[in-house]
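Enquirer: Build me a model:
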Amino acid sequence: MAKPPLSGIKVCDFTWVWAGPYCTLQLAHLGADVVRIETKTRPCVTRMLPPWPNGVFDGLNKSGYFNQYNQGKKSLSLNFKHPEANEVAWRLIKQSDVVINNFAAGVIDKMGFGYEAIKKVRPDIVMISLSGYGDTGPYREYVAYGPAQVPLSGLSSLTGYKGFPPMHAGFSYADPNAGVHGAFAILTALYHRHKTGEGQYIDMSQWECAMDVLAEGILEYTMNGREPERNGNRDPLMAPHGNFKCLDLPEKVMDMTIDQWVSIVCATDDEWARLARAIGRPELAADPRYATLAARKRNEDALEALITEWTSKRRVAYVVETLQAAGVAAGACADNKYLCEDPHLAERNYWVELEHPEVGVRRHCGIPWRMSATPCEVKAPAPCLGQQTDEVLAALGYGENEIAAMRKKGALD
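Expert: This next block holds a predicted model:
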């Protein structure tokens, strides 16, 4: 049977919160053996974040947030106030191929596990630090959280309606974006090691990762000396381009009415003509107010009003199917109920439903790629805090009496 592409790769995971765990989630999806180092004395904040089963927080192992982003990993609980915990970490590092952290710059060195120390015992190690601002520069010691980095990256200055102040992107975009960049950097470093036998250190800035996917705004300034204007859902090169109201969801959710919207984009005049025919208004394709992109941009308010007149009287599924059949890019502005019941995602087996020891079977997002030669799968639900401590210690050569003694001292808290 074919093995996942990272089968046999061992990862020592010092990460917490979101950016780092999202990085090691990708490695676990690819088959790596990821051991996440945690502590019961200061649990990761994500173990206390909602959603929780039945909306009630009553334990560190029940967070849907944590359980989503730590699937397929092992949890090793260590209390670094005890020298025995440090020794366990060093044994794990010596057997690892990758060491990863997303602490602030310099923190991992203060803990004694910096790259210069690690490469002395494992010269071919691949180590990455996903700090907020990188290891160098005047901001290296600044506190970093993803929500604050969204505005700092320039994304908020591009988000919002004309005349409105900068808007947040809706979630902590910088975190998972940094995690994906980090996973890619690790894979390339492992490839380099495979060719040369050399390990290396990767200094990565979460801020720079976020900026890296927002080049349009930066280029507008560097090339033209001006700031892009916020313009809501509209696009400077396409019209129509936006979200249009549909009929509300027929049934209420928790006694709340859920509004429904559709995203519609026409990149060319031909696509606009197909849209006009699909909504029963073929004459609009030749109407001088809308026949060309320039004309549609001049009359964009009226254009959006006539499209809304059609969409607002119809269910979103009907709108999407009708426009897609006409060759127009349209998609539902999906709510979570829509996603969970979507037949396309179900047919592709995207969802993961594994038995967790404390919350039972819960639906989680799965792996968004399919590999024909090296298939990947979520091999286990997220671990309970310290769930695999004894297993990991035994694999590192510790006997039952040694493990019991460390536990009695509190080194495994």
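
Enquirer: Where do the strands of this structure begin and end?
Expert: With DSSP state E as the criterion, the chain has strands at 10-13, 33-38, 74-77, 98-101, 126-131, 200-205, 241-245, 261-265, 329-332, 352-356, 360-364.

Enquirer: Cys333 reaches Gly242, doesn't it?
Expert: No: between Cys333 and Gly242 there is no contact under CB atoms under 8 Å: 10.4 Å. C-betas here are computed from N, CA, C, even on glycine.

Enquirer: list residues touching both of those two?
Expert: Ser263 (CB atoms under 8 Å, 6 or more residues apart in numbering).

Enquirer: between those two, who's got more neighbours?
Expert: Gly242 (20 against 15; other CB atoms under 10 Å).

Enquirer: In stretch 331-350, which residues are buried?
Expert: Within stretch 331-350, the residues scored as buried using 16 or more other CB atoms under 10 Å are Ala332.

Enquirer: What separates the first and last residues of it, distance-wise?
Expert: 19 Å (CA to CA, to the nearest Å).

Enquirer: and what of stretch 138-158?
Expert: 26 Å.

Enquirer: Please apply the same query to stretch 155-171.
Expert: First residue to last in stretch 155-171 (CA to CA) measures 12 Å.

Enquirer: Would you indicate which residues of it are buried?
Expert: 155-159, 167, 169.

Enquirer: Give me the mean pLDDT for it.
Expert: Averaged over stretch 155-171, pLDDT sits at 90.

Enquirer: residues in contact with it?
Expert: Here stretch 155-171 has contacts from 147, 150-151, 173, 210, 214, 216-217, 227-232, using CB under 8 Å, 6+ apart.

Enquirer: so Gly410 makes contact with Asn79?
Expert: Yes: look at Gly410 against Asn79 with CB under 8 Å: they come within range, at 5.7 Å.

Enquirer: neighbour-wise, which of the two wins?
Expert: Asn79 (17 against 14).

Enquirer: show me the contacts for that one.
Expert: Contacts of Asn79 by CB under 8 Å, 6+ apart are 39-41, 85, 410-413.

Enquirer: Now the most centrally placed residue in the chain: closest residue in space, sequence neighbours ignored.
Expert: In the chain, the centroid-proximal residue (CA atoms, centre = their mean) is Pro176; its distance is 3.2 Å. Counting by CB to CB, 6 or more residues apart in numbering, Pro176 lies nearest to Tyr22, which is 4.7 Å off, once chain neighbours are set aside.
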